[in-house]
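predicted model, plus sequence, below.
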Amino acid sequence: VEYVFTDKTGTLTENSMEFIECCIDGHKYKDCISEVDGFSQTDGSLKYYGKAEKSREELFLRALCLCHTVQIKKADQVDGLIGHPERKYTYISSSPDEIALVKGAEKYGFAFLGLENNFMKIRNQKNETEMYQLLHVLNFDPVRRRMSVIVRTTTGKLLLFCKGADSSIFPRVQQEEIQQTKVHVDRNAMDGYRTLCVAFKELTQKEYDKIDRQLNEAKMALQDREEKMAKVFEDTEADMHLIGATAVEDRLQEQSAETIEALHAAGMKVWVLTGDKMETAKSTCYACRLFQTSTELLELTAKTVGESERKEDRLHELLMEYHKKLIQDVPKNRGGLKRSWTLSQEYGLIIDGSTLSLILNPSQDSSSSNYKNIFLQICLKCTAVLCCRMAPLQKAQIVRMVKNTKGSPITLSIGDGANDVSMILEAHVGIGIKGKEGRQASRNSDYAVPKFKHLRKLLLAHGHLYYVRIAHLVQYFFYKNLCFILPQFLYQFFCGFSQQPLYDAAYLTMYNICFTSLPILAYSLLEQHINIDRLTADPQLYMKVSDNAMLQWRPFLYWTFLGAFEGLVFFFGVYFLFQNSSLEDNGKVFGNWTFGTIVFTVLVFTVTLKLALDTRFWTWMNHFVIWGSLAFYVFFSFFWGGVIWQPFLKQQRMYFVFAHMLTSVSTWLAIILLIFISLFPEILLIVLKNIKEKNRQTGPFDLPMLVSYKRIENGYVKTEDAVTNLAERYPLGIL
């Protein structure tokens, strides 16, 4: 994996929201919290600044109590006892933000009591119950980034409450109301809090009737229903009045920073794709060490590009400026690992959704059709990228853009919510986190993990091990089948090309099915050439094999040469050792089936023992399949030659061939000698490398260390065999 695309909320953070403060008409209200015996207590409530301010505060708190999709669940009871006597109900919602806001309003005297028969009940600060008829819910979606409700009071007044991202709310409210709230929103975002703005407007009966009719018509439409609904939402959520904003804290997940550092050290580039505000996302990126204090940030946002008619020209200027800066600072590749990138100055890129849309979909009259290529070059040269205010489809576009670049880098996406499904499906590897927003992400992923920190072990340990296992399996299959086919090919030169097989039909059939399949299967599932803890602790090990090092031409040619060498030894070794065919005690000669059986016996034992030499992690299963496969071959040969053919098929071709073969001492010596000759280069190479590495002075972080295991009772005792340089050892294909 070369690129990791991650969501922020619920992936890097806990998605456990806590109401911190709010702003009403430019006035800041922060919850004063003190720690008493380990418990957080609220000291006081909102301050009031006269009747006008109090009415606005109550309107704001009513908006928090009404504008949501939270449901009430009564506390579980066991034998009539409530688990939490101090709280007889709990809040349930698909969005943790909504629960945090409802709980925040409850702290200051306005509590949501539930929804019954389309009537929402709330309790105000005077402990009075208020009833509101819920008429319509304009549900949240990632494109609008807001949600609204239309309610009717007991006096008949019609109100629309709306909450959403500042970029979505500010263009739809009175512009003179924005500035005093925007200051608090920006400050809270820089502190790393999630911010939402709250607005409202009063509807006349005529306006409501029009909205109600349009909504019903859009819901009943058979064609373009989504577009028509979006159009009605857009018209309804206009000309509102801004009430205030909220700040909610979402704490960073444990070990998120350490995991990102490990991924960087392993040569992977991490991109954060989030729908949050830029300042909030940037603060999180610093907290999780995606951005370092020394990182120079390049911004492509609405703030730097501007909102004027010349924004495309300004965007082109910024792209060319950043591209020139990176080209001058990034050194040319001087060989070595392709994934290692070293900059004299680390750069990070920040881009928002509106600017990304401008890059990917420039206007028709724009002459800058190469925005995408320049932007992509900038992204690939930065050590980290933050994409904020992203819609789900934009996340998928980013992943697709990187995936389709030159070289087709392997991409991984990880997220926890439904808005991450598109990028999870787009990436080569999709990781879903079982979060608080449902299981859509985990159900659409290739792998599911509990938390972001588990990505470290999944990639650095299991990813490394399975790559080595699968690479060895592929090369081993080429090798053992070359050893199998080459003697048959050579035999045709000695039988007049008569298509006479060297091996019996049963051996031809069962070679890959029974005799040599289980050992490599066990190896591919169980092998641990390096301890998992060591792989997880040192990301450099992942970098050494991340460029497909074991499936390059050099290891492939090594395995091919080894298979050809051993195939020649099998055939010509038996041919020259048995030139005098009168080798039995009774003077009888060996026939062609005996000749083929000797070659096949040497073949099966050699390729199986070769795998035994490669195995570093021995378990009872490895012992069982390796020695069991050899024992099964011997048993089957006796059984096939002594039972099956004579009584049932009345054919003498293989009758007692294997048994007669083993009565000759020369056959035993030939088999042992040829197996040793075939494996001698392999054994010699391993011994020389071990001697070389033992003589090398190694420090505590000179990696990696090969480990083997001895079975003792119910556990494994690790013994260090040798400290072997992976970059040298793997291309030779020994492991």
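Yep, it's here. Numbers count the residues shown, from 1 in each chain.

in contact with the residue nearest in space to the middle of the chain: list those residues for me.
Nearest to the mean C-alpha position of the chain, by C-alpha atoms, centre = their mean, lies residue 431 at 3.8 Å. By C-beta atoms under 8 Å, 6 or more residues apart in numbering, the contact set of residue 431 is 412, 413, 414, 415, 424, 445, 446, 447, 448, 449, 455, 458. All C-beta atoms are positioned from the backbone trio N, CA, C, and that covers glycine.

test my guess that the fifth one contacts residue 430.
Yes. Under the contact definition of C-beta atoms under 8 Å, residue 424 touches residue 430, with a separation of 3.7 Å.

the two: who's more crowded?
residue 424 (28 against 24; other C-beta atoms under 10 Å).

against residue 264, how distant is that one?
22 Å (C-beta to C-beta, to the nearest Å).

repeat that for residue 453.
For residue 453 relative to residue 264 (C-beta to C-beta), the value is 15 Å.

how about residue 312, secondary structure?
helix (DSSP: H, G, I helix; E, B strand; the rest coil).

pLDDT below threshold where in the stretch 451-600 of the chain?
For the stretch 451-600 of the chain, the stretches with pLDDT under 70 are 580-589.

apply 90 and report the result again.
491-507, 509, 529-531, 538-555, 573-596 (pLDDT under 90).

strands of that one, start to end?
Ranges of strands in the stretch 451-600 of the chain, per DSSP state E, counting those that start in this stretch: none exist.

can you give me the helices in it?
Counting by DSSP state H, counting those that start in this stretch, residue ranges of the helices within the stretch 451-600 of the chain are 454-456, 464-491, 505-510, 517-526, 532-537, 540-545, 553-577, 592-614.

turn those helices into JSON lines, including distance to residue 260 and mean neighbour count.
Listed next are the helices of the stretch 451-600 of the chain as JSON lines, based on distance: least, C-beta to C-beta, whole Å; neighbours: other C-beta atoms under 10 Å:
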{"stretch": "helix 454-456", "distance to residue 260": "9", "mean neighbour count": "21"}
{"stretch": "helix 464-491", "distance to residue 260": "18", "mean neighbour count": "19"}
{"stretch": "helix 505-510", "distance to residue 260": "50", "mean neighbour count": "16"}
{"stretch": "helix 517-526", "distance to residue 260": "30", "mean neighbour count": "18"}
{"stretch": "helix 532-537", "distance to residue 260": "15", "mean neighbour count": "16"}
{"stretch": "helix 540-545", "distance to residue 260": "14", "mean neighbour count": "20"}
{"stretch": "helix 553-577", "distance to residue 260": "32", "mean neighbour count": "18"}
{"stretch": "helix 592-614", "distance to residue 260": "35", "mean neighbour count": "22"}
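
could you dump these to TSV with distance to residue 275?
As requested, these are exported to TSV (distance: least, C-beta to C-beta, whole Å):
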stretch	distance to residue 275
helix 454-456	21
helix 464-491	33
helix 505-510	58
helix 517-526	40
helix 532-537	31
helix 540-545	30
helix 553-577	44
helix 592-614	48
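
buried residues in the lengthiest helix in the chain, which are they?
In the chain, with assignment by DSSP state H, the single longest helix is helix 665-695. Of all the residues in helix 665-695, those buried under the rule 16 or more other C-beta atoms under 10 Å are 667, 670, 671, 674, 675, 677, 678, 679, 682, 686, 689, 693.

kindly provide the distance from the first one to residue 355.
Using C-beta to C-beta, residue 667 is found at 78 Å from residue 355.

and for the last one?
Taken as C-beta to C-beta, the spacing of residue 693 relative to residue 355 amounts to 52 Å.

please apply the same query to the fifth one.
In this view, residue 675 and residue 355 are 67 Å apart by C-beta to C-beta.

isn't there a helix covering residue 94?
No. Counting by three-state DSSP, residue 94 is located in no helix; its state is coil.

who are the contact partners of it?
Residue 94 neighbours (C-beta under 8 Å, 6+ apart): 69, 437, 438.

let's see that with 7 Å instead.
437, 438 (C-beta atoms under 7 Å, 6 or more residues apart in numbering).

next SSE downstream of the host helix or strand of residue 55?
Taking DSSP states H and E as the definition, residue 55 sits inside helix 51-66. Remark: after helix 51-66, the chain's next helix or strand is strand 71-74, criterion DSSP H and E.

that following strand pairs with which strands?
strand 89-92 (antiparallel) (DSSP bridges).
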